[in-house]
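Chemist: Build me a model from this:
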Amino acid sequence: MHASGRPAALLGAMATALALILAGPLPAQDGPATAPAAPAGTYLAARAAREAADLPRAADLFAQALDADPSNPWLLGNALAANLGLGRLDRAEPLARRLSETGLPSPYAVLVLDVARARAGDWPGLLSALDARDGNPLVDGLTRGWAQLGAGDAAAATAAFDAVAADPAFRPFALYHKALALALSGDLAGADAILALPESEGMQHTRRAVLAHAQVLAALDRAPDALALIDGEFGPDLDAPLAALHARLAAGEPVPFALVATPQEGLAELHHSVAAALAPDDAEAALLYARAALALNPSHAEAAILTARLLESLDQTVLAREAYALVPASDPLSLEAETGRADLLQAEGQDEAALEVLTRLAQDRPEDAQAQAALADQLRRMDRFAEAEAAYDRTLALTPEGTGRLWYLHFMRALAREGQGDWPGTESDLRAALALAPDQPQLLNHLGYSLVDRGENLPEALDLIRRAVDLEPESGAIVDSLGWAYYRLGRHTDAVAQLETAVTLLATDPVINDHLGDAYWMVGRAREARFQWTRALSLDPAPKDEIRIRAKLDRGLDAVLAEEREAAGLPAETSGG
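Modeler: Below is the predicted model:
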């Protein structure tokens, strides 16, 4: 398995190890046993804003509530969380100090104060705070290692990381951070020895670990080994940071170890890992650790993108766009940040604004296939199919043979050509994509359904769709295609069986319900046919389909088919679609 496939299990283990972190007494949405002394309206509005994850409003309202009840720990905790979620460390720090003075333990107050001490270079103060508390053994143990290195005691830092590594559950994280600390201290050979350990000895070859190892090897003047490492772990499909590093190595440029440049950045790497581990299960908690990582290392592009995605998951799209904007244009991840920002604009219905972002991106990066593909996708979503096809042409010209996503680009260009009514071009791209990915169910289904819909090569179409169903038997859309193929072949009883299954799998799809109605009509179940057509109408079909469905309800399918055949100059017939 390539490195990109491993982080899920590793982060799951970290999430389990972090259970103690989230056991604090200040749950985000539960109120205190006794209402605060703040005015009831302010208190209720603050709580509602908190439950809605409206962080700016929550921060303002909790601040107002604290004016009336300045020592209430529940208000302090929620005000702190809102401000930290917004990245306002200057406001979160005094709240954390006030909350600590209440004597009520809070993991987020601890987090904010630890970050404040590290930002101030107060490593002795951070070590004293660690000594004074019984915290999470993983996070506090790794924090101790970075604090010792910040204090200038490399031997004590190594001992701290080794202490965490003694627990098998924590060993992968401890080894990774120990390797980073050794590389930062100049012991590149020691870092290489750890990062090269097999997984059987606890070293997980995650994406970040491979990135760090490649930089270490390059700094050791072992660029060929670094290239072989990246190629062996990831193959030709590299994300932007790995692709940029690969290009520099291949060009013979000097590459220093730069994943972390200071102990403070090492601590940021820890908090980014925590955030990534928590993200699948607790977006609000993950956001606080992602913000902590950014506070310690504002240039941590991956933390900025994670922050944006977490805010997006909390429906805070304006804040998410602001987080994407934290990634500078010079960073390899800026393309991902800009496409993420455009996706948010598009999701908000601001198609032209999204197109403007992606057009500028493609113009700035004329040789970047991903930038051209992002523009092509947006043009296709806006039904500007000719322009989309031209952008996919540029993308395909820039994409090397053997790249894993080549089939997808042919598929997308097929959709752009289909939107222009260019069936020969569509079929050519679909078949090119299928040659590259012969077991891709969406491809099999799309080509098969297209052939069925055109009444061409029906035996081949049926075979393609059957293969797709075998690969994804729970896909209502694909099972519908099989039912419709049977319908077009005149096998109406078989069609009913498949389309009934499809409706069970995807009950709210107007096309599938319409298809089932047609199949019912053909086997003499007219009442059920009219029920399905009526249901299809209630599911907001496309305008053209709505007209046809109403005609079938008014005159019956036989009459509609006869009218359509007459309009096409064909002899009268009462079967087919």
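
Chemist: Next one, pLDDT for the residue lying closest to residue 403 once chain neighbours are set aside please.
Modeler: Closest residue to residue 403 apart from its sequence neighbours, by Cβ to Cβ, 6 or more residues apart in numbering: residue 236 at 5.4 Å. From N, CA and C alone the C-beta is placed, and that goes for glycine too. Note on residue 236: pLDDT of 79.

Chemist: Distance check, residue 236 against residue 399.
Modeler: 10 Å (Cβ to Cβ, to the nearest Å).

Chemist: The two - which one has more neighbours?
Modeler: Counted by other Cβ atoms under 10 Å, residue 236 and residue 399 do not tie: residue 399 has more neighbours, with 18 against 15.

Chemist: helix or strand for residue 433, which one?
Modeler: Residue 433 is part of helix 423-436 when elements are defined by DSSP states H and E.

Chemist: ditto for residue 67
Modeler: Using DSSP H and E, residue 67 falls in helix 55-68.

Chemist: In three-state terms, how would residue 349 be classified?
Modeler: Three-state assignment for residue 349 (DSSP: H, G, I helix; E, B strand; the rest coil): coil.

Chemist: need the contact list for it.
Modeler: Under the criterion of Cβ atoms under 8 Å, 6 or more residues apart in numbering, residue 349 has no neighbours.

Chemist: what about the stretch 101-250 of the chain, any weak spots by pLDDT?
Modeler: For the stretch 101-250 of the chain, no stretch has pLDDT under 70.

Chemist: As a check, name the ranges of all helices in it.
Modeler: 107-119, 123-131, 137-150, 154-165, 171-184, 188-195, 207-219, 223-234, 240-250 (DSSP state H, counting those that start in this stretch).

Chemist: residues of stretch 276-286 that come out buried?
Modeler: Buried residues in stretch 276-286, counting neighbours by 16 or more other Cβ atoms under 10 Å, are found at 276-279, 282-286.

Chemist: Any chance of those residues in CSV with distance to residue 474, pLDDT and secondary structure as columns?
Modeler: Output for the buried residues of stretch 276-286, formatted as CSV (distance: Cβ to Cβ, whole Å; pLDDT from 0 to 100; DSSP: H, G, I helix; E, B strand; the rest coil):
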residue, distance to residue 474, pLDDT, secondary structure
276, 30, 91, helix
277, 30, 87, helix
278, 30, 90, helix
279, 27, 90, coil
282, 29, 90, coil
283, 28, 92, helix
284, 32, 91, helix
285, 33, 91, helix
286, 30, 94, helix
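
Chemist: Surely residue 88 is in contact with residue 59?
Modeler: Yes. Using Cβ atoms under 8 Å, residue 88 is in contact with residue 59, at 7.3 Å.

Chemist: who has more neighbours, those two?
Modeler: More crowded of residue 88 and residue 59, by other Cβ under 10 Å: residue 59, with 25 against 18.

Chemist: Residue 327: what's it in contact with?
Modeler: 301, 304-305, 333-334, 336-337.

Chemist: Try it again at 6 Å.
Modeler: 301, 304, 333-334, 337 (Cβ atoms under 6 Å, 6 or more residues apart in numbering).

Chemist: Chain neighbours aside, what residue packs nearest to it?
Modeler: Nearest non-adjacent residue to residue 327, counting by Cβ to Cβ, 6+ apart: residue 337, 3.8 Å away.

Chemist: Redo the buried residues of stretch 276-286 as JSON lines? Include distance to residue 495.
Modeler: Shown next, in JSON lines, are those (distance: Cβ to Cβ, whole Å):
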{"residue": "276", "distance to residue 495": "47"}
{"residue": "277", "distance to residue 495": "48"}
{"residue": "278", "distance to residue 495": "48"}
{"residue": "279", "distance to residue 495": "44"}
{"residue": "282", "distance to residue 495": "47"}
{"residue": "283", "distance to residue 495": "44"}
{"residue": "284", "distance to residue 495": "48"}
{"residue": "285", "distance to residue 495": "50"}
{"residue": "286", "distance to residue 495": "48"}
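
Chemist: nearest to residue 467, of the residues you listed?
Modeler: Among the buried residues of stretch 276-286, residue 279 lies closest to residue 467 (Cβ to Cβ), at 36.0 Å.

Chemist: Let me know whether the closest one touches residue 287 as I believe.
Modeler: No. Counting by Cβ atoms under 6 Å, residue 279 sits too far from residue 287 to count as a contact (8.6 Å).

Chemist: about what we covered before: the helix or strand following the helix holding residue 433 packs against which elements?
Modeler: Per DSSP H and E, the first helix or strand lying C-terminal to helix 423-436 is helix 441-454. Packing contacts for helix 441-454, counted by 3 or more Cβ pairs under 6 Å, 6 or more residues apart in numbering; DSSP states H and E, involve helix 423-436, helix 458-471, helix 476-488.

Chemist: For residue 225, find the nearest of those.
Modeler: Smallest distance to residue 225 across these (Cβ to Cβ): 31.1 Å, for helix 423-436.

Chemist: What are the contacting residues of the closest one?
Modeler: Helix 423-436 is contacted from outside by 406-407, 410-411, 413-414, 417-418, 443, 447, using Cβ under 6 Å, 6+ apart.

Chemist: Which two among those are spaced furthest apart?
Modeler: 406 and 418 (18.8 Å).

Chemist: JSON lines please, covering the helices and strands packed on helix 441-454 and showing distance to residue 257.
Modeler: Shown next, in JSON lines, are the helices and strands packed on helix 441-454 (distance: least, Cβ to Cβ, whole Å):
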{"stretch": "helix 423-436", "distance to residue 257": "38"}
{"stretch": "helix 458-471", "distance to residue 257": "44"}
{"stretch": "helix 476-488", "distance to residue 257": "48"}
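
Chemist: Sweet, I'm off.
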